[in-house]
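Visitor: Using only what follows, build the 3D model:
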Amino acid sequence: MADASETSKEPQIFDPQAQPWTPIPVEARLPAELLTGDAIQARLGQLGPAPGSVLGGDIGLSLRALPAAMRPVPAAVLMPIVMRGDGAGMLLTQRSANLSHHAGQISFPGGRAEHSDAGPVATALRESHEEIGLRPDQVRVLGTLPQYLTVTGFAVTPIAAWVEGNPSLEPAAREVAEIFEAPLEYLLDPANYRIHSAQLPDGASRRYYSVSWDKYFIWGATAAMLRNLYLALRPAK
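Guide: Reported below is the predicted structural model:
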């Protein structure tokens, strides 16, 4: 998610990549036949409002953990899936180093809702068009994952979408430093995930997911939403 403000840049509290970690428990990889647009759409259409296995927010975070005065800000992100000759991939962005929040981090295109948005899908499509030049008519919405609460106070609705054809994308220079693709099969393989534990200066601790691909370190809410997509798609035991 993007925040185009370039003033009052927040200090980095800790280095997320340097924190101690453990692998997640061994889980089965998704079969290739579940990584198609039709299969993802069918599976997401079967989800209830809040499947028990899917994370509702950053690890250990709930609405009760937020300060009473902090009302979660509605937001949405697009999880854009593209098909290439060697399989499906996920479009991701690296945020501009000049942003005041989460500078340089890996994220999905998206952002906070506006009053004119008809709902989370409209928010995700509008923000994706603004941030990476992906037009609404170039995607097929596959489904919605349960709302995800971030430690920064956003209530984010992830929208999975299939990108039609091979559109020309253009990053919004003030918000997005780079657009890249990562293999969907890799991003949804539990063996590639870690759970980190960070001790914060105020004595509190934070736990978060990460997955690394190529030169990119994907962590926090973005990694957790990818983890949620895996949990939503995996076959019932």
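Visitor: Within the sheet, what are the partner strands of the longest strand seen in the chain, with directions?
Guide: Determined from DSSP state E, the single longest strand within the chain is strand 73-84. Strand pairing for strand 73-84, using DSSP bridges, gives strand 87-95 (antiparallel), strand 110-112 (antiparallel), strand 154-163 (parallel).
Visitor: Now for the closest residue to W219 other than its chain neighbours: which residues touch it?
Guide: Once flanking residues are discounted, W219 sits nearest to S210: 4.0 Å by Cβ to Cβ, 6 or more residues apart in numbering. To be clear about C-beta, it is placed using only N, CA and C from the backbone, and glycine gets the same treatment. Taking Cβ atoms under 8 Å, 6 or more residues apart in numbering as the criterion, S210 is in contact with P16, Q17, W21, Y193, R194, H196, F217, I218, W219, G220, A223.
Visitor: after the strand or helix carrying S210, next one along is what?
Guide: Following DSSP states H and E, one finds S210 within strand 205-213. Next helix or strand after strand 205-213 toward the C-terminus (DSSP H and E): strand 216-219.
Visitor: Quick check: next helix or strand after that next one?
Guide: Immediately after strand 216-219, counting by DSSP H and E, sits helix 221-233.
Visitor: on that earlier part again, for the contacts of S210, give me JSON lines that also has distance to G87.
Guide: Compiled in JSON lines, these are given as follows (distance: Cβ to Cβ, whole Å):
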{"residue": "P16", "distance to G87": "28"}
{"residue": "Q17", "distance to G87": "27"}
{"residue": "W21", "distance to G87": "27"}
{"residue": "Y193", "distance to G87": "19"}
{"residue": "R194", "distance to G87": "23"}
{"residue": "H196", "distance to G87": "28"}
{"residue": "F217", "distance to G87": "22"}
{"residue": "I218", "distance to G87": "18"}
{"residue": "W219", "distance to G87": "24"}
{"residue": "G220", "distance to G87": "26"}
{"residue": "A223", "distance to G87": "20"}
